[in-house]
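S.K.: have a look at this prediction, sequence included:
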Amino acid sequence: MTRRCNWRDCQAWKDEGLEFSTTSNEACKLYDAALTQIVGFYQDKSMGGMDQTFKGLKEADPEFVMGHILTTGLTLCSVSIDIKKDEQLQKSLDYLVTLKEKPTTTHRETKHIEAVQVLADGYMSKAANIWEDLLVDYPTDLLALKLAQINYYYLGQSIPMRDSIARVFPHWKPSTPLYGYLYGMHAFGLEESGMYAEAEIAANKGLAINPNDCWSSHANAHCFEMTGRHDNGIQFMTETENDWKICDGLADHIYWHLALYYVEIGNYSKALDIYDSEILPRCLNSTYTVHAASLLYRLEFEGVKVGKERWQQLYETGEPSHFKHLLVYNDLHYVMAALRSEHQDVAKAQINSIREFIRDRCGDQCDVMKEVGLPVCEALVAYENGEYAQAVDLLNPVRYKFVNMGASNAQRDEFQQLFIHAAINSPEKHHKRLARSLLLERKALRENTPLTDRLTDRLLAMNIDD
């Protein structure tokens, strides 16, 4: 992997129209190093990884405003720490707010702080709007661009994700450091908006500049999935594996995509091999269990017996996050793991905690949890208990709101599959006919989908019109 090492100092940033209030060249250079690792999803060992880069950045200038914005904003965007319950994160935010009052703090830095404050209050969409407003005046501010993108992703807002990049692209020069990463970011927004051909072109431009741009590889993975080119996806991902697997922050998710291709074509043993050898070890290292739970759930839809032991491992690994309620999409998988590992009492406690979260908190995730997350959680429980008709009745009114749960179209598809399986298994003939309608709809969107064909064949064998 070719890594950057010529980091920008104060003057270099100023020349790009991004003036910092700090006078520390070392702080500016370390900020550049941190930003590079963030957009590249990798740990630069020569810098000691992200943690050491962040530490050095603060040591170089303890009052470095953009440094505090980067670390606090990124921590909030990690949706792993609840600021309402974490004293250290709250102190970091409080200190950042005091920096806003410094006379040397720039207009750009002030706007960043305002966005981070709003984000801390739970309003992801409002924070993204502030970052977008900042980008009107400072279109090459990659941190603002990246943080806005992250929050669009969490809210399932594919059109803003796409257009955010399109608006700033003309202001960037190919010679500007990190320019190539814009292609992968744009490609993902294009793909999530259904513009698959354009997305592939953009992703391949990003990879031509930097073969290790794993976000571009990731965008291509989505394109192959959504256009039903599973064999092409397998070929691409395996041929480029050495390019993207070194990106620690995204490799587990890209392996998840590779496994999905094998699930689709019915090679379940290969998908499970990828789970055991690549996804699970990374999951245990990061304690992020969502991708792993998603894959196991899909395999069980296909009739694969993955075993209680695998679910128990995920349940125990993800346990510290079970009651944080920071992202609806994640919470669904924590409930899922509790149910499949036969901790029904914990799943019940999780759902009760979710109800308290809806009652006591505010913000975008709270709204989405009330509107979509809670009924989907209840549907998971109903499905687990064999109450398929109830699961259908819970999912049907919110199916077009799944997008609000965030993540990608490919990720949310497991809940469409849950809906279909519940309808097929329901004792009500009307639900089985609904399943047929859903499968016809699915086939119209993606013609080459063996998974859909298998479900259709299963349904046809039931003689639902008799």
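M.R.: On my side now, so go ahead.
S.K.: tally of neighbours for residue 229?
M.R.: Residues within reach of residue 229, counting by other Cβ atoms under 10 Å, total 16. C-beta coordinates here come from the backbone N, C-alpha and C atoms, glycine included.
S.K.: go ahead and confirm it touches residue 446.
M.R.: No - counting by Cβ atoms under 8 Å, residue 229 does not reach residue 446; the two are 10.1 Å apart.
S.K.: center of this structure, which residue is that?
M.R.: residue 407 (4.9 Å; Cα atoms, centre = their mean).
S.K.: which SS state does that one fall under?
M.R.: coil (DSSP: H, G, I helix; E, B strand; the rest coil).
S.K.: give me the pLDDT for the closest residue to it other than its chain neighbours.
M.R.: Computed as Cβ to Cβ, 6 or more residues apart in numbering, the closest residue to residue 407 that is not its neighbour in sequence is residue 329, at 4.7 Å. For residue 329, the pLDDT comes out at 98.
S.K.: which ones are touching residue 329?
M.R.: Counting by Cβ atoms under 8 Å, 6 or more residues apart in numbering, residue 329 touches 154, 290, 405, 406, 407, 411, 412.
S.K.: the third one touches residue 414, doesn't it?
M.R.: No - checked against Cβ under 8 Å, the pair residue 405 and residue 414 is beyond contact range at 11.0 Å.
S.K.: more crowded one of these two?
M.R.: Per other Cβ under 10 Å, whichever of residue 405 and residue 414 has more neighbours is residue 405, with 26 against 21.
S.K.: quick one, phi psi at the closest residue to residue 250 other than its chain neighbours?
M.R.: Excluding its sequence neighbours, the residue lying closest to residue 250 (Cβ to Cβ, 6+ apart) is residue 41, at 4.3 Å. Per-residue torsions, residue 41: phi 60, psi 40 (degrees, to the nearest 10).
S.K.: so what's residue 41 up against?
M.R.: 214, 215, 247, 248, 249, 250.
S.K.: farthest pair in those?
M.R.: 215 and 248 (13.5 Å; Cβ to Cβ).
S.K.: so between those two, which is more surrounded?
M.R.: residue 215 (27 against 17).
S.K.: which SS state does the spatially closest residue to residue 448 that is not a sequence neighbour fall under?
M.R.: The shortest distance from residue 448 to any non-neighbouring residue, by Cβ to Cβ, 6+ apart, is to residue 228 (3.2 Å). Classification of residue 228 using three-state DSSP returns coil.
S.K.: and residue 176, what element?
M.R.: Under DSSP states H and E, no helix or strand contains residue 176.
S.K.: please report the distance of it from residue 203.
M.R.: With the distance defined as Cβ to Cβ, to the nearest Å, residue 176 ends up 19 Å from residue 203.
S.K.: and these two? Which one has more around it.
M.R.: Between residue 176 and residue 203, residue 203 has the larger neighbour count (other Cβ under 10 Å), namely 27 against 13.
S.K.: OK, contacts around the residue nearest to residue 448?
M.R.: Going by Cβ under 8 Å, 6+ apart, residue 228 touches 446, 447, 448, 449.
S.K.: ok, 10 Å please
M.R.: Residue 228 is in contact with 264, 445, 446, 447, 448, 449, 450, 452, counting by Cβ atoms under 10 Å, 6 or more residues apart in numbering.
S.K.: once you drop chain neighbours, what's closest to the third one?
M.R.: What that stands for is residue 446. residue 228 (4.8 Å).
S.K.: from residue 221, how far out is the one you found?
M.R.: 13 Å.
S.K.: can you give me the helices for the stretch 1-150 of the chain?
M.R.: According to DSSP state H, counting those that start in this stretch, the stretch 1-150 of the chain carries its helices in the segments 10-15, 25-40, 49-60, 65-77, 87-99, 107-120, 124-137, 142-155.
S.K.: closest one to residue 464 among those helices?
M.R.: helix 142-155 (37.2 Å).
S.K.: buried residues, the helix or strand just after that closest one. List them.
M.R.: Once helix 142-155 ends, the next helix or strand along the chain (criterion: DSSP H and E) is helix 158-168. Buried positions in helix 158-168, judged by neighbour count with 16 or more other Cβ atoms under 10 Å: 158, 160, 161, 162, 163, 164, 165, 168.
S.K.: who touches the nearest residue to the fifth one once chain neighbours are set aside in this structure?
M.R.: What it means is residue 163. Closest residue in space to residue 163, ignoring its immediate chain neighbours: residue 189 at 7.4 Å, by Cβ to Cβ, 6+ apart. By Cβ under 10 Å, 6+ apart, residue 189 lies in contact with 149, 152-153, 157-166, 195, 199, 202, 219.
S.K.: pull the number of nearby residues for residue 97.
M.R.: 16.
S.K.: now do it against residue 122, distance only.
M.R.: Relative to residue 122, and taking Cβ to Cβ, residue 97 is found at 16 Å.
S.K.: what does residue 46 give?
M.R.: Remark: distance between residue 46 and residue 122 (Cβ to Cβ) = 37 Å.
S.K.: same deal with residue 154?
M.R.: In terms of Cβ to Cβ, residue 154 sits 11 Å off from residue 122.
S.K.: and the residue nearest to residue 407, how far is that from residue 284?
M.R.: 21 Å.
S.K.: so where's this protein uncertain?
M.R.: Applying pLDDT under 70 to the chain flags residues 1-3.
S.K.: roughly how far is stretch 121-139 from the heart of the chain?
M.R.: 19 Å (Cα atoms, centre = their mean, to the nearest Å).
S.K.: in it, what counts as buried?
M.R.: With burial defined by 16+ other Cβ under 10 Å, the residues of stretch 121-139 counted as buried are 122-132, 134-135, 138-139.
S.K.: ok, stretch 93-101 next?
M.R.: By neighbour count with 16+ other Cβ under 10 Å, stretch 93-101 contains the buried residues 93, 96, 97, 99, 100.
S.K.: nearest to residue 34 among those residues?
M.R.: Of all the buried residues of stretch 93-101, residue 34 sits closest to residue 96, with 15.8 Å by Cβ to Cβ.
S.K.: please name the nearest non-neighbouring residue to that closest one.
M.R.: Distances taken as Cβ to Cβ, 6+ apart place residue 68 nearest to residue 96, at 4.8 Å, with adjacent residues excluded.
S.K.: so that neighbour is in contact with residue 109, correct?
M.R.: Yes - under the criterion of Cβ atoms under 10 Å, residue 68 makes contact with residue 109 at 9.4 Å.
S.K.: neighbours of the residue nearest to residue 180 when sequence neighbours are not counted, how many?
M.R.: Spatial nearest neighbour of residue 180, excluding adjacent residues (Cβ to Cβ, 6+ apart): residue 209 at 3.4 Å. Around residue 209 there are 15 other residues, counting by other Cβ under 10 Å.
S.K.: what about residue 209, distance to residue 184?
M.R.: Using Cβ to Cβ, residue 209 is found at 10 Å from residue 184.
S.K.: and residue 458, by the same measure?
M.R.: Residue 458 is 38 Å from residue 184, by Cβ to Cβ.
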